[in-house]
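Q: build me a structure from this.
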Amino acid sequence: MHVGDLCGMMGIDHTRERTPMNTQDFSVLNLKKAAYSVNETLEILSLGRTSLYRLVKSGDLAPAKFGKKTLFYASDVAEFLFKLRQSSCNSARRTPQR
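A: Sure, this is the predicted structure:
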């Protein structure tokens with residue numbers, strides 16, 4: 001399946017510029033908590049630990065420390081996912097279909 005088709009199924013018009021989504025609306029992502037542990041964030045993003053730490057190192061996702069505990073704010077996770085979706089749909093617009 002082509003990414004453009006997936007964007008269409010998700011109701012995203014990848015043929016025009018989009019205004020930034022409200023990342024405070026967690027309901028579309030079903031994020032119920034204000035912050036998530038490393039393991040919970042791995043599950044939400046469907047990533048491995050190394051990939052998560054690569055996102056932290058690159059500045060794409062910022063951790064917060066509470067004592068020894070590392071947390072990721074739901075708003076940061078949501079913003080990362082919205083940016084990822086937008087970049088995927090924008091690249092679909094630039095990539096010709098086969």
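
Q: any idea which helix is longest in the protein?
A: Ordering each helix of the chain by length in residues (DSSP state H) puts helix 74-94 first.

Q: next, the buried residues of that helix.
A: By 16 or more other CB atoms under 10 Å, the buried positions in helix 74-94 come out as 74, 76-82, 85-86, 89, 92. In short, each C-beta sits where N, CA and C put it, glycine included.

Q: what is the nearest of the residues you listed to residue 43?
A: Within the buried residues of helix 74-94, proximity to residue 43 (CB to CB) peaks at residue 77, which comes in at 11.0 Å.

Q: could you measure from the closest one over to residue 89?
A: Look at residue 77 and residue 89: by CB to CB, to the nearest Å, they are 19 Å apart.

Q: what separates residue 61 from residue 44, distance-wise?
A: Between residue 61 and residue 44 the distance is 11 Å, computed by CB to CB.

Q: shared neighbours of the two, which are they?
A: residue 77 (CB atoms under 8 Å, 6 or more residues apart in numbering).

Q: who's in contact with residue 62?
A: 56, 72-73, 76.

Q: just want the phi and psi numbers for residue 32.
A: Backbone geometry at residue 32, expressed as degrees, to the nearest 10, gives phi -100, psi -20.
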